[in-house]
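Undergrad: turn this into a structure:
(one chain, ligands or ions: 1)
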Amino acid sequence: MKIMPKPTTIRKMLHMLAVTRPVEIGCDDCFEQLDLFVELEIAGKNAADTMPLVQEHRARCGDCREEFEALLAALKVQAEGQ
Ligand SMILES: [Zn+2]
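TA: Modelled structure (predicted):
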């Protein structure tokens, strides 16, 4: 299957799916992928299944969990305002 260039988020997602299970990610990587994670969550997709490493990190890192909650709240307000 040939993969044509797609919007950034899709490319990011494909890249992440292609990455074979590194043990864990740090806060930098988590922050980098958090936008996408939240977008999936908002879209009703299973973000935790699609991005298990972010899910894992979020589960054990209070900072990233807070960041996630804040992003989620902000995007929800945005989505509802439209
Ligand atoms: Zn973190």
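Undergrad: near the ion, which residues of the chain?
TA: Counting by C-beta under 5 Å from the ion, the positions of the chain adjacent to the ion are C27, C30, C61, D63, C64. The C-beta positions use only the backbone N, C-alpha and C, and glycine is treated the same way.
Undergrad: excluding its backbone neighbours, what's nearest A79?
TA: I42 (6.1 Å; C-beta to C-beta, 6 or more residues apart in numbering).
Undergrad: if you rank the residues of the chain next to the ion by neighbours, which is first?
TA: C30 (24 neighbours; other C-beta atoms under 10 Å).
Undergrad: and the particular helix or strand that has it in it, what does it pack against?
TA: Taking DSSP states H and E as the definition, C30 sits inside helix 27-42. Packing partners of helix 27-42 (3 or more C-beta pairs under 8 Å, 6 or more residues apart in numbering; DSSP states H and E): helix 8-18, helix 47-50, helix 52-60, helix 62-81.
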